[in-house]
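just coords:
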């Protein structure tokens, strides 16, 4: 490799403890995580897709120092359920592991969310470490302590807030990530720009192509910025009683798409991309965004090879699916909308007719 | 009723929030809990035994003010599992309840532990209220925030620390409690005396018969004392990294009995009673207790109609079952033993041969 390798990071402050996010491209995972393992027992949780790429090296190196067990789950959002959590518990019990165990999540957001929830609930809480191997999980689910699984009737309905001991975001893992999933991760990157920082939106317009060409230094810079945005918000509002909700920009619309189409057919980031367009359209109807702002939002998402139009969904169906969303308070639909590019608010202060108009455009 | 009704209580301090334990005999549950329900949605979780006694009145009165749903679980430790938790989730989802819901646990420790874990994990955490209807749950599981379920391979292996908004201990519910279960609760009451306060042991020797004759004022006094002991310990060590472990006095031996005999054949309190005798016997072998102290311990437990001898269990079997206990750290068996009556310590500082001798006496 001719470019110099970087090693950077930041610290996340939470109510329970502070923890570091280390951003690197060294691909020496064991050396990075070992200092954060406090006991002798390690369970690596990964999935069938990631295991052949990174498991053997991590497992062998850690085994020199720790008792290491492995749990390989099936890959996919449809396996983000109680049965997979039970698989993790079963390995922990069979190994006679105890409260000193550290769980390591090696994989994307689904692996991270499930491993985190297993760690939160095994013996009422044990340590865990995140090694996110997708861009989406590097910029989103590995920061903030949200863990959980899906209920047959709704996404992420079961879970806990549980903070990791550290997060290792190794950019070199993005070299094995399918292009479609890289784009899905870029949706969340673009989300931070839309809700928090219009200057970052400009930076992305200039750097998205380099990121898609796997310039790891540029990717690392973007990941660091996104983690910092998220860490700042989580430090203010760990349990999402207030400002943290804006991180769900595009997600209420996106959940409708994911649920309607069946988990896994639209990637989460793809659904969020189309959902952000709908949220921008509603913001425009309220007079907060200009038509140019909406067009710019579509352009940057299209540049990242993301869908800018949701699939056709009947309005009644969409409204009904929104009724199950966790952002609903006292039966009223609340949405994260944009006052301007780079400035999001959580609000119920819109005419439902306007929401119906937006949904009708894509019904 | 000729005796004056009392209304008393205390405050529990925890890292997340403070909450009250209200001790009463008014049997007007709805009026007591309503001020602690913050949203409009209530789910009462109870079981088939308690429901016919107290559900209708509570449900009807709360329904005047809130949207009330009910989940009636099967009764018994063998139903303290994932399937029962899923029943609770299913009602919450079917009702379209959201983060504002308050769960009310109406029943004994099993109902409380499961309702608490469902509250801890539904939408990553919602409010809950405990209405313990057994003496055991009034003095033990309703204070301290331990929630959870059993794993097929071990008791209380899955769970969370999650604090209620309030606890209502209504002494009049003890009038419908079977005598055997009242005795099982007395085991935990006696436990507090043995680990924390020899003066309370003397008080119990004088008052146990009144408690067993259902003198509600005396029972209320005992419940208040026990909750205060536990609240003091929990305030010092919410997550059981240190002193809180002494609350498990008798429980490691007790877990062996419960697991060996099959959940439900020995009541938890009965197993703890026999376990406390074994812990006292080991303390005597270490020279910490006198033979008189052990005899006094047996006498007070016998006075409460509790077993003072464990069932026969092979030593190897018992040691193996101890290997699964959560109090085991780094493979070494640690036990809570008595330095003197009223003074417990968590220690691994004993000769394993002495433990084997104690186990052999009952093999």
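That came in fine, so what should we check first? Because the structure is predicted, anything quoted here is derived from the model rather than measured. Numbering: from 1, shown residues only, chains lettered A, B, ... in the order given.

tell me the spacing between the nearest residue to residue A:85 once chain neighbours are set aside and residue B:158.
Of all residues beyond its chain neighbours, the one nearest residue A:85 is residue A:118 (5.5 Å), with distances taken as CB to CB, 6 or more residues apart in numbering or on different chains. Glycine gets a C-beta too; all of them are placed from N, C-alpha and C. Using CB to CB, to the nearest Å, one gets 9 Å for the distance from residue A:118 to residue B:158.

joint contacts of those two?
Common contacts of residue A:118 and residue B:158, defined by CB atoms under 8 Å, 6 or more residues apart in numbering or on different chains, comprise residue A:89.

leaving out chain neighbours, which residue sits closest to residue A:150?
Excluding its sequence neighbours, the residue lying closest to residue A:150 (CB to CB, 6+ apart) is residue A:80, at 5.1 Å.

which residues does that neighbour contact?
A:110, A:113-114, A:149-150, A:263.

what does chain A put close to chain B?
If contact is defined as CB under 8 Å from any CB of the partner chain, the residues of chain A in contact with chain B are A:39-40, A:82, A:86, A:89, A:93-94, A:96, A:98-100, A:117, A:120-125, A:146-148, A:151, A:153-154, A:157-161, A:239, A:323-324, A:326, A:328-330.

picking up where we left off before, narrow the contacts of residue A:80 to those in helices?
The subset of the contacts of residue A:80 located in helices under the criterion DSSP state H comprises A:110, A:113-114.

residue A:180: neighbouring residues, count only.
Using other CB atoms under 10 Å in any protein chain shown, residue A:180 has 12 neighbouring residues.

and residue A:201, what does it touch?
For residue A:201, the contacting residues are A:190, A:193-194, A:296, A:300, A:341-342, by CB under 8 Å, 6+ apart.

could you do residue A:190 as well?
By CB under 8 Å, 6+ apart, the residues touching residue A:190 are A:201, A:204, A:273, A:276, A:300-301, A:304.

same thing but at 7 Å, please
A:204, A:300-301, A:304 (CB atoms under 7 Å, 6 or more residues apart in numbering or on different chains).

from those, which two are the most distant?
Taking every pair in those and measuring CB to CB, the maximum separation is 10.4 Å, between A:204 and A:301.

neighbour-wise, which of the two wins?
For residue A:204 versus residue A:301, the count of surrounding residues by other CB under 10 Å is larger for residue A:301: 27 against 22.

and that one, what is it in contact with?
Counting by CB under 7 Å, 6+ apart, residue A:301 touches A:187, A:190, A:273, A:277, A:308.

could you say which helix or strand holds the last one?
Applying DSSP states H and E as the criterion places residue A:308 outside every helix and strand.

please apply the same query to the fourth one.
Assignment of secondary structure by DSSP H and E places residue A:277 within helix A:268-285.

what sits up against that helix?
Helix A:268-285 is touched from outside by A:136, A:183-185, A:187-188, A:191, A:194, A:249-254, A:257-258, A:289, A:291, A:294, A:297-298, A:301, A:306-310, A:335-338, A:350, A:354-355, A:357-358, with contacts defined as CB under 7 Å, 6+ apart.

quick check: buried residues in stretch A:305-321?
A:305-307, A:310, A:313, A:315, A:318-319, A:321 (16 or more other CB atoms under 10 Å in any protein chain shown).

helices - which of those land there?
Counting by DSSP H, these contribute A:315, A:318-319, A:321 to helices.

okay, now residue A:284: neighbour count?
For residue A:284, the count of nearby residues is 21 (other CB under 10 Å).

what of residue A:88?
Counted by other CB under 10 Å, the residues lying close to residue A:88 total 21.
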